[in-house]
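1. Starting from these lines, generate the structure:
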Amino acid sequence: MRNKLLSLVSLCLLVAAAFAVVQPDDALPSWRDGDARDAIVDFVQRVTKVGGDEFVPPAERIAVFDNDGTLWAEQPLYFQALYIFDRVAELAPEHPEWKTTEPFASILKGDVKAALAGGEEALLELMAATHGGISTEDFSDSVRSWLEEARHPKTGKRFDEMVYQPMLEVLEYLRANGFKTFIISGGGIDFMRVFAEEVYGIPPEQVFGSSVAAEYKLVDGVPTIVKLPKLHFFDDKEGKPVGVHMHIGRRPIAAFGNSDGDFQMLEWTTAGPGARLGLYVHHDDAEREWAYDRESHIGKLARGLDEAESRGWTLVSMKDDWKRIFPFDEPR
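-> Residues are numbered from 1 along each chain as shown. Presented below is the predicted three-dimensional model:
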């Protein structure tokens with residue numbers, strides 16, 4: 001009798017464990033039924049079906065995500081750029097030379113367009129100057145304080161509230177099915193690590209991005225990592241697959257992006273053997289978010305838009321595929 005009872009209890013536990021995993025019918029509630037949602041669910045079912053031809057062991061279930069424009073918004077400017085501009089104003093008294101040195105001078109005059117006329121090089125110069133000369137702990141405190149105080153110029157929301165609810169659901173769905181989720185972004189690695197675990201459920205060791213150089217030193221006898229005012233690694237375009245290789249050491253089986261800066265990451269990911277998923281988020285909802293692609297000053301999507309279909313990548317329409325965009329939106 002006791003053995004039968006134990007067997008019954010074990011069976012109940014197995015059944016409970018099976019239903020603890022997000023079932024396909026319950027997954028992705030902020031996604032409309034359609035090809036995009038089906039592509040994600042079908043891929044997950046194929047790679048997790050034990051005994052199936054495309055089964056992938058949990059250790060190899062790696063999914064990588066761009067951040068800006070893929071997990072959270074990136075308009076009217078990258079959010080880290082807005083942090084950098086505020087940081088320039090904060091540090092300006094210590095750098096009187098910035099009043100006559102570009103791109104700092106234009107920022108201090110409030111002319112953002114002129115400051116960014118130098119493109120990525122100007123932004124990277126600003127990043128190096130405002131992120132260096134500070135300990136990693138003090139930098140994290142600075143970002144954390146900024147996130148508490150700063151508000152998005154259009155919505156009035158905290159920047160870490162401007163995340164995409166449908167993508168949060170993708171992260172949860174993948175992890176419920178044995179995936180490890182990583183951020184691979186052109187944004188700063190230490191900037192994203194401040195909020196990634198709380199907002200996305202992605203721990204710091206699974207975040208990789210652009211970085212300034214750093215050094216170990218004793219500061220008043222305390223072992224400290226100090227950020228230096230020079231670029232160490234730019235994690236965009238061709239740099240993304242290299243960053244994945246350096247940081248993860250496995251080729252992902254799924255990659256999510258939104259711009260041509262993510263093209264090489266999707267290309268490298270989907271070039272591997274077996275089942276693969278490449279997905280682009282297309283910003284085409286001017287009413288609930290923004291509509292931009294080929295001509296955008298940031299988040300440009302042209303080559304990816306042209307080649308997604310021929311490469312078998314999923315192109316997600318924010319307008320048509322998402323019931324809501326932000327967590328604070330009402331579903332529609």
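2. contacting residues for residue 191?
-> Residue 191 sits next to 80, 83, 131, 143, 209 when contact means CB atoms under 8 Å, 6 or more residues apart in numbering. Every residue, glycine included, has its C-beta placed from N, CA and C.
3. If we use 10 Å, what do you get?
-> 67, 79-80, 83-84, 127, 131, 139-140, 142-143, 146-147, 185, 207, 209-211 (CB atoms under 10 Å, 6 or more residues apart in numbering).
4. now the strands: where do they sit in this structure?
-> Here the chain has its strands, by DSSP state E, at 62-65, 134-135, 180-188, 207-219, 222-233, 254-257, 277-282, 314-317.
5. looking at those, which is closest to residue 198?
-> Minimum separation from residue 198 across those (CB to CB) falls at strand 207-219, 12.2 Å.
6. So which bits of that closest one are buried?
-> 207-212, 214 (16 or more other CB atoms under 10 Å).
7. Please tabulate those residues in a markdown table and include pLDDT as additional columns.
-> Below are these laid out as a markdown table (pLDDT from 0 to 100):
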| residue | pLDDT |
| --- | --- |
| 207 | 98 |
| 208 | 98 |
| 209 | 97 |
| 210 | 95 |
| 211 | 95 |
| 212 | 94 |
| 214 | 96 |
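8. which one among the residues you listed gets closest to residue 154?
-> residue 209 (24.4 Å).
9. lowest average confidence, helix or strand, in the protein?
-> Sorting the helices and strands of the chain by mean pLDDT, DSSP states H and E puts helix 2-20 at the bottom, at a mean of 41.
10. Please identify the most buried of the strands of the chain.
-> Ranked by mean neighbour count, those are led by strand 254-257 with a mean of 29 (mean count of other CB atoms under 10 Å).
11. partner strands of that strand, parallel or antiparallel?
-> Strand pairing for strand 254-257, using DSSP bridges, gives strand 62-65 (parallel), strand 277-282 (parallel).
12. Just tell me which of these ends up closest to residue 30.
-> strand 277-282 (13.1 Å).
13. in stretch 293-303, what counts as buried?
-> Buried residues in stretch 293-303 (16+ other CB under 10 Å): 293, 296, 298-301.
14. So which of those are in helices?
-> Residues of the buried residues of stretch 293-303 located in helices (DSSP state H): none.
15. Let's have these in a markdown table, adding pLDDT.
-> Shown next, in a markdown table, are the buried residues of stretch 293-303 (pLDDT from 0 to 100):
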| residue | pLDDT |
| --- | --- |
| 293 | 98 |
| 296 | 95 |
| 298 | 91 |
| 299 | 96 |
| 300 | 97 |
| 301 | 98 |
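16. can you list those residues in CSV and add distance to residue 246?
-> Compiled in CSV, these are given as follows (distance: CB to CB, whole Å):
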residue, distance to residue 246
293, 30
296, 29
298, 25
299, 25
300, 26
301, 26
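17. and which of the residues you listed is nearest residue 172?
-> Distances from residue 172 to these, taken as CB to CB, are shortest for residue 299 (24.3 Å).
18. Next, the contact list for the closest one, please.
-> Counting by CB under 10 Å, 6+ apart, residue 299 has contacts 66, 68-70, 73-75, 78, 257-262, 281, 283, 290, 292-293.
19. now swap in residue 301 and tell me
-> Contact analysis of residue 301 by CB under 10 Å, 6+ apart lists 69, 257-263, 280-284, 292-294, 308, 315.
20. swap in residue 283?
-> Residue 283 sits next to 69, 73-75, 258-259, 289-293, 296, 299, 301, 316-319, 325 when contact means CB under 10 Å, 6+ apart.
21. Tell me which residue is most central in the chain.
-> Of all residues in the chain, the one closest to the mean position by CA atoms, centre = their mean is residue 67, 2.0 Å from it.
22. Surely that residue and residue 181 touch.
-> No - counting by CB atoms under 10 Å, residue 67 stays clear of residue 181, with 11.8 Å between them.
23. hey, what's in contact with both of these two?
-> Listed as contacting both residue 67 and residue 181 by CB under 10 Å, 6+ apart are 200, 202.
24. Low-confidence stretches in this protein?
-> 1-25 (pLDDT under 70).
25. If we use 90, what do you get?
-> 1-26, 112-113, 115-125, 127-128, 297, 332 (pLDDT under 90).
26. could I get stretch 44-55 in PDB with only the CA atoms?
-> In PDB, the C-alpha atoms belonging to stretch 44-55 read as follows (Å, rounded to 0.1, in the frame of the first residue of the first chain):
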ATOM      1  CA  VAL A  44      10.600  26.000 -29.400                       C
ATOM      2  CA  GLN A  45       8.500  22.800 -29.800                       C
ATOM      3  CA  ARG A  46      10.900  21.300 -32.300                       C
ATOM      4  CA  VAL A  47      14.100  21.900 -30.400                       C
ATOM      5  CA  THR A  48      12.700  20.700 -27.100                       C
ATOM      6  CA  LYS A  49      10.900  17.600 -28.300                       C
ATOM      7  CA  VAL A  50      12.800  14.700 -26.700                       C
ATOM      8  CA  GLY A  51      13.600  12.100 -29.300                       C
ATOM      9  CA  GLY A  52      12.700  14.500 -32.200                       C
ATOM     10  CA  ASP A  53      15.000  14.900 -35.100                       C
ATOM     11  CA  GLU A  54      15.700  18.600 -34.200                       C
ATOM     12  CA  PHE A  55      16.100  18.100 -30.400                       C
END
